[in-house]
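> I'll drop the sequence and a predicted model, then ask my questions.
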Amino acid sequence: MLNKKKVLFLCTGNSCRSQIAEGFLRHLASEDFEAFSAGTKPSRLNPLAVKVMEEKGVDISGQYSQSIDEFLNESLDYIITVCDHAKETCPVFPGTAERIHWSFRDPADAKGSEEEKMTVFREIRDSIEKNIKNFIKKQ
């Protein structure tokens with residue numbers, strides 16, 4: 001049996017960006033990777049993140065916000081921060097996990113109508129999807 005690489009996506013609230021990244025990696029490469037996500041200050045899964053992922057045929061509705069503390073003793077292969085705050089506040093993990101940083105603005109900060117917010121969520125989702133596909137190709 002193939003050893004799957006463990007990937008932790010990390011952001012502040014674990015409500016949007018890291019959840020989207022976890023969903024895409026599971027959807028696109030679950031045979032090669034185990035995907036997890038966590039936050040430095042976990043909140044709750046953002047319903048708009050669920051909605052924009054549904055548009056791509058990826059169901060993340062069963063995912064939930066977790067604290068980074070739950071992963072401090074995990075043996076991880078990659079820690080991917082998806083926001084600048086998480087990169088700056090990420091604790092030291094034991095082991096040899098490779099750290100990667102992707103800077104995405106927080107779609108939860110979008111203002112306006114639901115459709116205007118959805119436009120921002122789609123833009124961030126599509127950028128994350130592109131990064132995930134590039135990450136998979138490089139492995």
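Ah, there it is.
> What segments of the chain are strands?
5-11, 33-39, 78-81, 98-101 (DSSP state E).
> What's the mean pLDDT across the third one?
When you say that, I think you mean strand 78-81. For strand 78-81, mean pLDDT rounds to 94.
> Equivalent analysis for the last one, please.
Strand 98-101 shows a mean pLDDT of 93 in the predicted model.
> Now for residue 37: which residues touch it?
8, 9, 10, 11, 14, 18, 19, 21, 22, 63, 66 (Cβ atoms under 8 Å, 6 or more residues apart in numbering). Just so you know, the C-beta spots here come from the backbone N, C-alpha and C atoms, and that holds for glycine as well.
> Pairing-wise in the sheet, spell out the partners of it.
residue 9 (DSSP bridges).
> per-residue pLDDT, it?
pLDDT at residue 37 comes out at 97.
> Over to residue 40?
88.
> which residues of this protein score low on pLDDT?
Where the chain drops to pLDDT under 70, the residues are 1-2, 87, 89-94.
> quick one, longest helix in the chain?
Criterion DSSP state H: the longest helix present in the chain is helix 114-138.
> Tell me which residue is most central in this protein.
residue 18 (2.0 Å; Cα atoms, centre = their mean).
> what's the spacing between that residue and residue 82?
5 Å (Cβ to Cβ, to the nearest Å).
> residues shared between the contacts of the two?
9, 10, 11.
> Export those residues to CSV and append columns for neighbour count.
What follows is the shared contacts of residue 18 and residue 82, written out as CSV (neighbours: other Cβ atoms under 10 Å):
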residue, neighbour count
9, 29
10, 28
11, 30
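> Closest one of the residues you listed to residue 73?
The closest of those to residue 73 turns out to be residue 10 (Cβ to Cβ; 15.5 Å).
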